[in-house]
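Colleague: Structure for this input, please:
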Amino acid sequence: MSALIQYRLRACCMVVALVAAGLALSGCAGMSETVAPAFADPAKYELYECKQLESERKTLATRTADLQRLMDKAQTGTGGAVVSELAYRNEYISVRGQAQLAEDAWRRNKCRETPPEATPAAAPAPGAKPTPKSARSVR
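Modeller: Prediction:
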């Protein structure tokens, strides 16, 4: 009888341990949104000007997208979820935190996006003579 009780007690403990592990892992999935700024230096963008912040935001957005693609690609393979978490997740969280802090500095400084430059006029064909600008320059 005592062997049966010990068996049931072990089984019950295993179930409790598995449920606890599942809850712990599911908590990590939702935690990345709130923990992201903790992985970045909050004073990094304090002295940045709008032009610097603009280029930094673009760089961080590109890096975030690259890391997301790498994580998605890694998850398609065997054991990909584990590889994705181990190889890319920490850097992804760090970059997201930096992007959030850069965005906060952008808003705090009341920065605006610079408009894209106008397309330059078409260059003359090679070997073509330039046209004179005024009658005085031609003799």
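
Colleague: make it CA atoms for all contacts and neighbour counts henceforth
Modeller: Fine.

Colleague: What is the least confident helix or strand in this protein?
Modeller: Taking mean pLDDT, DSSP states H and E as the measure, the chain has helix 2-35 as its least confident helix or strand, at a mean of 60.

Colleague: now what about the next helix or strand after that helix, what contacts it?
Modeller: Downstream of helix 2-35, the next assigned helix or strand under DSSP states H and E is helix 50-74. Outside of helix 50-74, the residues within contact range by Cα atoms under 8 Å, 6 or more residues apart in numbering are 45, 80-81, 83-85, 88-89, 92, 95-96, 98-99, 102-103, 105-106, 109, 111-113.

Colleague: quick one: low-confidence parts of this protein?
Modeller: Within the chain, the stretches with pLDDT under 70 are 1, 12-13, 15-39, 118-139.

Colleague: now with 80?
Modeller: Residues of the chain meeting the criterion pLDDT under 80: 1-40, 77, 83, 115-139.

Colleague: In PyMOL, how would I select the buried members of the contacts of helix 50-74?
Modeller: Selection of buried members from these for PyMOL, criterion 16 or more other Cα atoms under 10 Å:
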select buried, resi 45+81+84+89+92+95+96+98+99+102+103+105+106
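
Colleague: quick one: which of the contacts of helix 50-74 sit in helices?
Modeller: Under the assignment DSSP state H, those contribute 80-81, 83-84, 92, 95-96, 98-99, 102-103, 105-106 to helices.

Colleague: Same list (these) but as JSON lines, adding distance to Glu117.
Modeller: JSON lines is the format used below for those (distance: Cα to Cα, whole Å):
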{"residue": "Gly80", "distance to Glu117": "43"}
{"residue": "Ala81", "distance to Glu117": "43"}
{"residue": "Val83", "distance to Glu117": "42"}
{"residue": "Ser84", "distance to Glu117": "39"}
{"residue": "Tyr92", "distance to Glu117": "32"}
{"residue": "Val95", "distance to Glu117": "29"}
{"residue": "Arg96", "distance to Glu117": "29"}
{"residue": "Gln98", "distance to Glu117": "28"}
{"residue": "Ala99", "distance to Glu117": "25"}
{"residue": "Ala102", "distance to Glu117": "24"}
{"residue": "Glu103", "distance to Glu117": "23"}
{"residue": "Ala105", "distance to Glu117": "25"}
{"residue": "Trp106", "distance to Glu117": "21"}
